[in-house]
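Chemist: When you get a sec, could you give me coordinates for this:
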Amino acid sequence: MRSGCMERSQKTGGFWRSANQEMNKLPVDILALGEPLAEFVEKPGDGGSAPLYQQGFGGDTSNALVAAARQGASVGYLSAVGDDPFGRGLRRLWTKEGVDHTHVQTHPDAPTGVYFVRPDTSGRQFWYARRGSAASLYGPGDLPEEVIAAARILHVSALSQAISPSMCAAVIRAAEIARANGTLVSYDTNLRLNLWSLEQARATIGAFLPLAVIVLPSDDEAETLTGLADTAALLQYFRAKGAKIVVLKRGAEGAILDHGEGPVAIAPAASTPVDSTGAGDSFAGAFLAYYLETGDPVIAARRAALVAAKTVSGFGAITPIPRRSDIEGQF
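Modeler: Numbering: from 1, shown residues only. Model prediction:
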């Protein structure tokens with residue numbers, strides 16, 4: 001075992017196709033590694049037995065990149081999709097949103113992962129169909145090291161580590177490459193206990209944290225992960241692991257930021273919540289974009305709160321994410 005993952009797997013030769021080179025705009029400000037997904041959101045029904053679903057796209061790291069791009073950051077993705085309608089749809093989305101997907105690979109046999117969501121203003125009700133997905137087969141041998149080294153920030157998540165041993169190992173190796181080349185590592189501790197056990201999550205996340213400079217946990221998941229309930233203790237836990245910036249996302253209560261000068265309360269922005277899907281992801285992407293722009297984590301967190309508030313006011317992970325022009329008047 002290596003940091004909660006199985007030993008790093010090697011790339012399986014001959015299976016991958018890279019994207020066409022028209023999108024080749026790298027290097028970028030923010031590079032992410034993870035699993036993109038096709039999304040099916042249950043729509044309010046008329047009381048019938050069969051629910052209706054609206055198809056879109058999600059995946060925590062992909063959502064974060066779209067949020068960052070809509071705030072003006074240059075962004076790129078490392079991942080894999082299937083040679084199927086969902087994979088092609090994701091590529092169209094990324095092209096439209098300005099997400100460089102040159103280094104997203106296409107697997108001819110493995111599918112793009114899918115998830116289903118039942119909207120809730122505060123909870124998280126997800127169901128997945130992702131076993132054996134193209135992204136789950138991604139491994140350390142697929143990483144373009146020069147691309148990681150050239151980025152300003154590498155953003156990854158614990159959710160990506162949970163989908164397979166090979167992707168888990170790829171996340172670790174990508175962070176090692178980033179740290180060796182001066183690229184900041186951002187880490188969202190997204191905890192999905194329907195993908196792995198709490199024991200494995202604690203071992204893997206705990207081992208990864210020393211590689212992260214920016215950590216973006218949600219308060220409820222952080223409490224489950226650490227067994228701590230006190231905000232100050234949670235912040236100290238992540239700081240003691242090596243994080244220079246910790247942003248504890250607290251949903252409707254805003255966030256608490258610790259960047260070495262004492263905790264700073266980030267007030268929630270006004271919203272009319274209908275669906276919490278992707279709110280934490282949009283916060284993370286916006287925070288990274290505005291942190292790179294301003295160099296001030298407090299300003300970045302306050303602007304990210306505006307983005308998250310707009311995101312929960314609409315259905316789906318991506319459609320309601322606001323663009324910079326939608327929130328600039330509130331800066």
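Chemist: so what's the nearest residue to residue 143 once chain neighbours are set aside up against?
Modeler: Counting by C-beta to C-beta, 6 or more residues apart in numbering, residue 143 lies nearest to residue 174, which is 5.6 Å off, once chain neighbours are set aside. Backbone N, C-alpha and C define where each C-beta goes, glycine included. For residue 174, the contact set (C-beta atoms under 8 Å, 6 or more residues apart in numbering) comprises 33, 78, 143, 148, 154, 156.
Chemist: any chance of these in TSV, with distance to residue 191 too?
Modeler: Shown next, in TSV, are these (distance: C-beta to C-beta, whole Å):
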residue	distance to residue 191
33	18
78	22
143	24
148	25
154	20
156	14
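Chemist: What count of nearby residues applies to residue 231?
Modeler: 17 (other C-beta atoms under 10 Å).
Chemist: Residue 262 too?
Modeler: 8.
Chemist: per-residue confidence for it?
Modeler: Residue 262 is assigned 89 on the pLDDT scale.
Chemist: Could you do the one 5 residues further on as well?
Modeler: Per-residue confidence at residue 267 stands at 96 (pLDDT).
Chemist: swap in residue 47?
Modeler: pLDDT, read off for residue 47, is 62.
Chemist: Go ahead and list the helix or strand containing the residue nearest to residue 143.
Modeler: Assigned by DSSP states H and E, residue 174 falls within helix 165-180.
Chemist: Same question for residue 186.
Modeler: strand 184-188.
Chemist: try residue 77
Modeler: Assigning secondary structure by DSSP H and E places residue 77 in strand 75-82.
Chemist: Give me the sheet partners of that strand and which way each runs.
Modeler: strand 30-33 (parallel), strand 99-100 (parallel), strand 104-107 (parallel) (DSSP bridges).
Chemist: re the thing from before, next, the buried residues of the helix holding residue 174.
Modeler: Neighbour-count burial for helix 165-180, with 16 or more other C-beta atoms under 10 Å as criterion, is recorded at 165-179.
Chemist: thinking again about what came up before, single out the most deeply packed of the strands paired with strand 75-82.
Modeler: Comparing the strands paired with strand 75-82 by mean neighbour count (mean count of other C-beta atoms under 10 Å), strand 30-33 ranks first with a mean of 29.
Chemist: Tell me if I'm right that residue 60 and residue 34 touch.
Modeler: Yes: using C-beta atoms under 8 Å, residue 60 is in contact with residue 34, at 6.4 Å.
Chemist: Identify the contacts common to those two.
Modeler: 157, 159-160.
Chemist: Inside helices: which ones of those residues?
Modeler: Counting by DSSP state H, the shared contacts of residue 60 and residue 34 place 159-160 in helices.
Chemist: Quick check: of the shared contacts of residue 60 and residue 34, which lies closest to residue 5?
Modeler: In terms of C-beta to C-beta, no member of the shared contacts of residue 60 and residue 34 lies closer to residue 5 than residue 160, at 11.1 Å.
Chemist: tell me the mean pLDDT for stretch 104-117?
Modeler: Here the average pLDDT along stretch 104-117 is 95.
Chemist: which residues in the stretch 1-150 of the chain form helices?
Modeler: 60-70, 85-97, 145-150 (DSSP state H, counting those that start in this stretch).
Chemist: And residue 67, how far from residue 294?
Modeler: Applying C-beta to C-beta, to the nearest Å, the value for residue 67 to residue 294 is 16 Å.
Chemist: before we move on, what about residue 203?
Modeler: Distance from residue 203 to residue 294, by C-beta to C-beta: 36 Å.
Chemist: between the two, who's got more neighbours?
Modeler: Counted by other C-beta under 10 Å, residue 203 and residue 294 do not tie: residue 203 has more neighbours, with 16 against 12.
Chemist: which residues does residue 117 contact?
Modeler: Contacts of residue 117 by C-beta under 8 Å, 6+ apart are 39-42, 58, 125-127, 275, 277, 317.
Chemist: Who is it paired with across the strands?
Modeler: Going by DSSP bridges, residue 117 forms beta bridges with residue 41, residue 126.
Chemist: Now residue 130: phi and psi?
Modeler: phi -130, psi 0 (degrees, to the nearest 10).
Chemist: Quick check: beta-bridge partners of the nearest residue to it once chain neighbours are set aside?
Modeler: In space, and not counting its chain neighbours, residue 130 is closest to residue 113: 3.4 Å by C-beta to C-beta, 6+ apart. Beta-bridge partners recorded for residue 113 (DSSP bridges): residue 37.
Chemist: okay, now residue 113: neighbour count?
Modeler: Neighbour tally, residue 113, other C-beta under 10 Å: 25.
Chemist: That one is in contact with residue 127, isn't it?
Modeler: No: assessed by C-beta under 8 Å, residue 113 is found out of contact with residue 127, at 11.9 Å.
Chemist: How about the contacts made by the residue nearest to residue 87 when sequence neighbours are not counted?
Modeler: Nearest non-adjacent residue to residue 87, counting by C-beta to C-beta, 6+ apart: residue 81, 3.3 Å away. Residue 81 makes contacts with 36, 87, 90-91, 104-107, 112, 134-135, as judged by C-beta under 8 Å, 6+ apart.
Chemist: what does residue 55 give?
Modeler: Counted by C-beta under 8 Å, 6+ apart, residue 55 has contacts 38-40.
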